[in-house]
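3D, please:
(chains A and B)
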Amino acid sequence: MNTASNAITVSGLVKTFGRTRALDGLDLEVGTGEVHGFLGPNGAGKSTTIRVLLGLLRADAGTVSLLGGDPWNDAVELHRRLAYVPGDVELWPNLSGGEAIDLLARLRGGLDAERRAELVDRFDLDPTKKGRTYSKGNRQKVALIAALASNAELLLLDEPTAGLDPLMEVVFQDVIAEAKDAGKTVLLSSHILAQVEKLCDRVSIIRLGRIVQSGTLSEMRHLTRTSIEAETSTPVTGLDELPGVHDVRAESGKIRFGVDGNHLDGVIRHLAGFGVHSLVSHPPTLEELMLRHYGDELEHNGHNGHNGQHAAGASR
Amino acid sequence: MTATATAPTTGERADRTGGPRSPLAGTGTLIRFNLRRDRVRLPVWIGASLLATVGSVSSFKATYPEPEDIESAKATFEAPAGLAMSGPDHYLSGEYHYGAMTGHQMISYMALVIGIMSILTVVRHTRTEEETGRAELLRSNVIGRHAHLAAALVVAVAANVLLGVLLAAGLGSLGVDGVTASGSLLYGATSVGIGVVFTAIAAITVQITPFARGSSGMAIAALGVAYALRAVGDVGADTFSWLSPIGWAQRTYVYVDNRWWPLLLNVALAAVCVALAVFLSTRRDVGAGLRPPRPGRPSATDRLAHPVAFALRLHRGVLIAFGFGALLMGVAFGSLLGETDDVLDSSDEFRETVEELGGSLEEAFASVVLAILVLIAICYAVMTVLRARAEETGGRAEPLLSTGLSRTRWLGSHLVVALAGGSLISVLGGLGFGLAGAGPADDSGLIWSLTWAAAAYAPAVWVTAGIALVLVGWFPGASAAAWAAPAYMFFTVYLGQLMDTPDFLLNLSPLSHVPQVPAEDLEWTPLLILTALAAGLIALGLAGFRRRDLDLK
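Now for the predicted structure:
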């Protein structure tokens, strides 16, 4: 990817807190105009990365470029061009939600009043309530409206919908799609995989302070196993010998197995020789992609069974 | 964290404290939980209070070895300024032995420390728990309606009783002339008497507002009022002292008359306050204050987006309260200005002593009062700077600092409120002092000269704000240490009353460098030096804040 067209370029980023190495040589590229999913479990370093991008934390090593500037030294100029929604929104107890929205948006350099009114309406927020009386989801709406009502070209969203109800989740997906159509760049850290699958052009998966995989969903799928379930007229033989085939299980005329994306073609040709009645193929879901990187952790935590079985169960 | 760890045991423990249906169910567990959380904090408070008291009393002998030294101390503390800083003059009526000195000089001091310890303990275990939502987690368990309040009160009272016992034992075993064993027992009880009153007052204030900061602020304001009432009463009309629980404690005339009965007033007031607190707590929901929150504006005014206007919005409640408090306190002291002349007339010997020192009694009194008023302003300035730190750790700086607002402007906006607000409070105190003093002293020029004298202290306020800012910028974890500055300054105002205090101890306090207008001429040099020092500290603090990581939630 061309560096000049990137909204965010991070390489070799290291950030330590005392003895903890929160970021351990993280590389991240977010192209201008794309919605980029940032995935990883709690404590993997997502929030730390975003806070380094905001210049709230200082990098210990590595280079970070945000909208062509240095987030630590050019923080203020860069902040005028971006909007941030923290994962844990704290509001001022004696300020109403409406005042907080206006304050944040104006400090960022102005807001679109019409857009603000529209968003307040769509997110169904009562802007007259005081900060303390809002629930977690409503505090999140305040920060989201403030971010989306400004004319920022980059949105940094750190688990922005963690407290929203499913209805508001739909509204959120709509407004992010609109932001993308308007040419804005979005870095979306999230645990909600369906949301990421729906919205994101590219995805980076972070683990223990490093990016373990990054690319478009289809690229990632290609690198990962597809699970196949087939019924054939004659029992399938010789499948085990083919390259890229795993976990073959045959039961009463049905055969199930996993195949690496780049070997799919050869396997299908092989199957054709046995008279295929039905064929179901599940491309790997994002959940499976995630679990592939975190499978060992799950086993460590007492989760039974290996990835293949879990994937089959998880593919709806 | 620890809350969840202890929660499973509450069910089984609940039976011991009245059964699961009792409004006090779980109190025993909560008491142990509170003690576990305070296992460092309370011993430090108790140990420091004990050491300070015992240390001061045992140093009397070294400070006043000869009868002449005692006579001169007596002269100092007989003056209005001395009485305002210590206690009622009955302690001076007989022999001013070391015991009488202890009762006279230490109680009002100790009251501030014990009061703050008690207030913070109660607020920490009640309103803070509710505000953070941790109380909800526990209240969903087998915990009675009044268990949180009861456990907080038990822990605060227990801390006071422990301190009282240690004080009685510590002072009683010193073997200092006049510090008798029976008197020491009463002194310990006096300390408990003051502690339980402010424990109980805090129990009320935590019911009123939904915020821990507001609760402790209101209770500390009550402590300040009690201190001011006794100061006014001890200098002038005795009636005022009888309105103050600190005044009652002083009127035990410990080591002189050893009266126990005034402490009954303390106990009775504490009981009434606790009853009121329990009643009020049944009138509100968990996490809420007494009044439901009112709706706010649907959108912000244009001004609000200016950082200073926004900071002022956050600070305005406290600013108004402090300004009003300083004005009233100034008025109270001002009304005594005429009386200082009466004292002057009554004692020629006394007049000589003071005049040898330079200045009149009235001026000496005025400078002590001004210093106390300025300390209120200084406390406000420290509180305001530390509020910025609380905004940071509370996660409320993060959204602002990710907008077009720079770190310097954000912290600077709070600083501006601290500097300007602190100066304003100081001037208001001086104005109140002058307005009320002009009548009895029959000198309308006092209004202007005392206001101006208070204004001259502004650079000392700025220096203190600068110290707090340096801590926030460079040693954020130790920001609360900024309170040591006003505490030390208060100490030097007291020390300044004594004849033989080494100069270097006084010179460490910025207050000592402010010219004592109207007694002295206004000298600009020290003020400019203090201002330059403040500017340097502020620049240093801001630089530290620019270069460090934010503390984020």
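
Pop out the phi and psi values for A:Thr161.
Backbone torsions for A:Thr161, taken as degrees, to the nearest 10, come to phi -110, psi 20.

wait, it sits on A:Gln140?
Yes. Using Cβ atoms under 8 Å, A:Thr161 is in contact with A:Gln140, at 7.1 Å. Quick note: C-beta positions are derived from backbone N, CA and C, even for glycine.

Now B:Trp530. Nearest residue, chain neighbours left out?
One correction, residue B:530 is Leu, not Trp. Using Cβ to Cβ, 6 or more residues apart in numbering or on different chains and skipping the chain neighbours, the partner closest in space to B:Leu530 is B:Pro459 (3.7 Å).

what's near enough to touch that neighbour?
Neighbour list for B:Pro459: B:510, B:514, B:527, B:530-531, B:534 [criterion: Cβ atoms under 8 Å, 6 or more residues apart in numbering or on different chains].

burial measure for the residue in the stretch 201-316 of chain A that chain B sits nearest to, as a count.
Chain B sits closest to A:Gly209 of the stretch 201-316 of chain A, with a gap of 16.1 Å, by Cβ to the nearest Cβ. Residue crowding around A:Gly209 was assessed by other Cβ atoms under 10 Å in any protein chain shown; the count is 22.

separation between the residue lying closest to it once chain neighbours are set aside and chain B?
The shortest distance from A:Gly209 to any residue other than its chain neighbours is 3.7 Å, reached at A:Asp24 (Cβ to Cβ, 6+ apart). Using Cβ to the nearest Cβ, to the nearest Å, we find A:Asp24 at a distance of 17 Å from chain B.

wait, doesn't A:Asp24 sit right on A:Arg207?
No. In this structure, A:Asp24 is not within contact of A:Arg207 by Cβ under 8 Å, at 9.8 Å.

Of these two, give the one with the bigger neighbour count.
Set A:Asp24 next to A:Arg207 and count neighbours by other Cβ under 10 Å: A:Arg207 wins out with 18 against 15.

Who does the closest residue to chain B within the stretch 51-200 of chain A form a beta bridge with?
Closest to chain B within the stretch 51-200 of chain A is A:Ser96: 2.9 Å, counting by Cβ to the nearest Cβ. A:Ser96 forms beta bridges with A:Lys130, as assigned by DSSP bridges.

In contact with it, which residues?
A:127-131, B:295-298.

Which among these count as buried?
A:127, A:129-131, B:296, B:298 (16 or more other Cβ atoms under 10 Å in any protein chain shown).

Identify the farthest-apart pair in the residues you listed.
Within these, two members stand farthest from each other by Cβ to Cβ: A:Gly131 and B:Pro298, at 13.9 Å.

so where is the stretch 301-450 of chain B shaky, pLDDT-wise?
Across the stretch 301-450 of chain B, residues meeting the criterion (pLDDT under 70) sit at B:339-359.

Nearest spatial neighbour of residue 93, chain-adjacent residues omitted?
Went with chain A since none was named. A:Arg132 (4.2 Å).

Oops, wrong one, chain B.
B:Val256 (8.0 Å).

May I have the secondary structure class of the one you found?
With DSSP: H, G, I helix; E, B strand; the rest coil as the basis, B:Val256 sits in coil.

what's near enough to touch it?
Taking Cβ under 8 Å, 6+ apart as the test, what B:Val256 contacts is B:90-91, B:93-94, B:99-100, B:103.

again, 10 Å this time
B:90-97, B:99-100, B:102-104, B:178, B:183 (Cβ atoms under 10 Å, 6 or more residues apart in numbering or on different chains).

just A:Arg210 next, same as before
With Cβ under 10 Å, 6+ apart, A:Arg210 has these contacts: A:13, A:23-27, A:40, A:44-45.

give me phi/psi at it?
phi -130, psi 150.

Once you drop chain neighbours, what's closest to residue 190?
You didn't say which chain, so I picked chain A. A:Val196 (5.3 Å).

Chain B, not that one
Using Cβ to Cβ, 6+ apart and skipping the chain neighbours, the partner closest in space to B:Thr190 is B:Ala249 (4.6 Å).

now swap in B:Ile107 and tell me
B:Gln250 is the one closest to B:Ile107 (Cβ to Cβ, 6+ apart), at 5.0 Å.

Might you report the residue contacts of the one you found?
Contacts of B:Gln250 by Cβ under 10 Å, 6+ apart are B:86-88, B:90-91, B:103-104, B:106-108, B:111, B:190, B:194, B:230, B:233-234, B:241, B:244, B:262.

Could you measure from it over to B:Leu185?
17 Å (Cβ to Cβ, to the nearest Å).

okay, and the common contacts of A:Gly131 and B:Pro298?
Each of A:96-97, A:99 lies in contact with both A:Gly131 and B:Pro298 under the rule Cβ under 10 Å, 6+ apart.

Could you tell me the end-to-end distance of stretch B:279-299?
Using Cα to Cα, to the nearest Å, one end of stretch B:279-299 lies 38 Å from the other.

er, stretch B:396-406 I mean
Using Cα to Cα, first and last residues of stretch B:396-406 are 15 Å apart.

how many other residues sit next to the closest residue to B:Ala226 other than its chain neighbours?
Distances taken as Cβ to Cβ, 6+ apart place B:Ser244 nearest to B:Ala226, at 4.4 Å, with adjacent residues excluded. Residues near B:Ser244, counting by other Cβ under 10 Å, number 25.

And for A:Gly98?
Other residues close to A:Gly98 by other Cβ under 10 Å number 23.

Then B:Ala275?
Neighbours around B:Ala275, by other Cβ under 10 Å: 13.

again, but for B:Leu328
Residues lying near B:Leu328 (other Cβ under 10 Å) number 16.

do the same with the one 5 residues further on
The number of residues packed around B:Phe333, counting by other Cβ under 10 Å, is 29.

residue contacts, it?
The contact partners of B:Phe333, taken as Cβ under 10 Å, 6+ apart, are B:80, B:84, B:228, B:231-232, B:235-236, B:365-366, B:368-370, B:372-373, B:429, B:432-433, B:436-437, B:450.

repeat that with 7 Å
B:232, B:369, B:433 (Cβ atoms under 7 Å, 6 or more residues apart in numbering or on different chains).

And for A:Gly12?
Per Cβ under 7 Å, 6+ apart, neighbours of A:Gly12: A:25, A:27, A:61-63.

Repeat that for A:Asp158.
The contact partners of A:Asp158, taken as Cβ under 7 Å, 6+ apart, are A:46-47, A:50, A:85-87, A:189.

Secondary structure and distance to A:Ala179 added to the residues you listed, as CSV?
Output for those, formatted as CSV (DSSP: H, G, I helix; E, B strand; the rest coil; distance: Cβ to Cβ, whole Å):
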residue, secondary structure, distance to A:Ala179
A:Lys46, helix, 20
A:Ser47, helix, 21
A:Ile50, helix, 17
A:Val85, strand, 12
A:Pro86, coil, 18
A:Gly87, coil, 19
A:Ser189, strand, 16
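
Any of these buried? List them.
For the contacts of A:Asp158, a burial check counting by 16+ other Cβ under 10 Å picks out A:46-47, A:50, A:85-87, A:189.

Find the residue closest to the closest residue to chain A within the stretch 151-300 of chain B in space, skipping its chain neighbours.
Closest residue of the stretch 151-300 of chain B to chain A, Cβ to the nearest Cβ: B:Gly296 (2.9 Å). Leaving aside its chain neighbours, B:Gly296 sits nearest to A:Ser96 (2.9 Å; criterion: Cβ to Cβ, 6+ apart).

Quick check: residues of the stretch 401-550 of chain B near chain A?
Counting by Cβ under 7 Å from any Cβ of the partner chain, the stretch 401-550 of chain B comes close to chain A at B:401-406, B:549-550.

Of all pairs in these, which one is the farthest apart?
Among these, B:Gly404 and B:Asp549 lie farthest apart (Cβ to Cβ), at 20.3 Å.
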